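Colleague: Predicted structure and sequence below. I'll ask about it afterward.
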Amino acid sequence: MKKFIVCITGASGVIYGLRIVEELSKNYYVYLVVSENGYTVLKQEENLTKNDLKNMFKKNVEILSNNNITAPIASGSRFNEIEGVIIAPCSVGTLGAIASGLSQSLIHRVSDVCLKERKTLYLLVREMPLSLIHIENMRKLTLSGAVVSPASPGFYNDPKTIDDLVNFVVGKVLDFFNVEHSLYRRWRDEDK
Ligand SMILES: Cc1cc2nc3c(=O)[nH]c(=O)nc-3n(C[C@H](O)[C@H](O)[C@H](O)COP(=O)(O)O)c2cc1C
C-alpha cells in the first residue's frame, strides 16, 4: 500500500488536514503528525482532543508524536515508500522553520527529508496578509522543490456550504498527487 505523511500545524483550517487524511486513508496508509499548536487549533476550531483524533480514523492511519524524531519516517531510508508529505494547514512558523532547515521536530524533519530525497512536499499555507519574510520563505522552498499553495478556495463551481469550499481545496491538493476523488466539480464538468 502506498503511503503519505500528513502534518497538521497550528494555522487556521485544520479541517483541511482532517479531510485530506479522511480521503487518503480510503486507499493509502497515512502517517499523521500534529504539532502542539495544531492540537490547540483542533480544539478551538473542531472541538477535538488528542484522544478524539485517535478514535476518529478507523483504518490505515498511524498518529505519531511530533517529538518522536526516532520514528522510522524521520529517516530518508524510509522515503522509498512515501508518496509525499502534505502539511495542511501549514503555519508561517512551520514554513519558516522548514525554510531554515531546523529539523527540530518530526514535522520539520520529515519536510527536510522529503526535500533532500526529492519527493513532493506540499505546503498548504494559511495566513493573510503575507510579509516579505513569508514570501521569501515561500520562494526559497519553491526553489528547493516544495509546492507552496495558499488555502484558497475557488468560487466558480457554485459552492453552497463550507464543506464545498473545503472539498475544493482538498481536491486540488489531492489532484497534485494524482489521487482519485470526487470532492469537487471540475470546470465545465456538467455530468457530476
Ligand atoms: C486559533 C489560532 C489560529 C491561528 N491561525 C494561524 C494561521 O492561520 N496562520 C498562522 O501562520 N498561524 C496561526 N496561528 C499561530 C500559530 O499557531 C503559531 O504561530 C504557532 O507557533 C505555530 O506553531 P506550529 O507551526 O508548530 O504549529 C494561530 C493560532 C491560534 C491559537
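Modeller: Looks like it arrived, so ask away.

Colleague: So is the longest strand along the chain next to the ligand?
Modeller: The longest strand of the chain (DSSP state E) is strand 82-90. No. Judged by C-beta under 6 Å from any ligand atom, strand 82-90 stays clear of the ligand, getting no closer than 6.6 Å. Any C-beta I mention is one placed from the backbone N, CA and C, and that applies to glycine too.

Colleague: List the contacts of that strand.
Modeller: With C-beta atoms under 8 Å, 6 or more residues apart in numbering as the test, strand 82-90 has contacts from 2-9, 11-14, 16-17, 20, 28, 73, 94, 107, 110-111, 114, 119-126, 151, 170, 173, 177.

Colleague: gap between it and the chain center?
Modeller: Put simply, strand 82-90 sits 4 Å off its chain's centre (C-alpha atoms, centre = their mean, to the nearest Å).

Colleague: so what strands line up beside it?
Modeller: Sheet pairing for strand 82-90, assigned by DSSP bridges, gives strand 3-8 (parallel), strand 120-125 (parallel).

Colleague: With mean pLDDT, distance to residue 187 and mean neighbour count added, can I get those in TSV?
Modeller: Below are the strands paired with strand 82-90 laid out as TSV (pLDDT from 0 to 100; distance: least, C-beta to C-beta, whole Å; neighbours: other C-beta atoms under 10 Å):
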stretch	mean pLDDT	distance to residue 187	mean neighbour count
strand 3-8	98	26	26
strand 120-125	98	21	24
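
Colleague: hmm, back to that, ok, and which of the contacts of strand 82-90 reach the ligand?
Modeller: Contacts with the ligand within the contacts of strand 82-90, as defined by C-beta under 6 Å from any ligand atom: 9, 11, 12, 94, 126.
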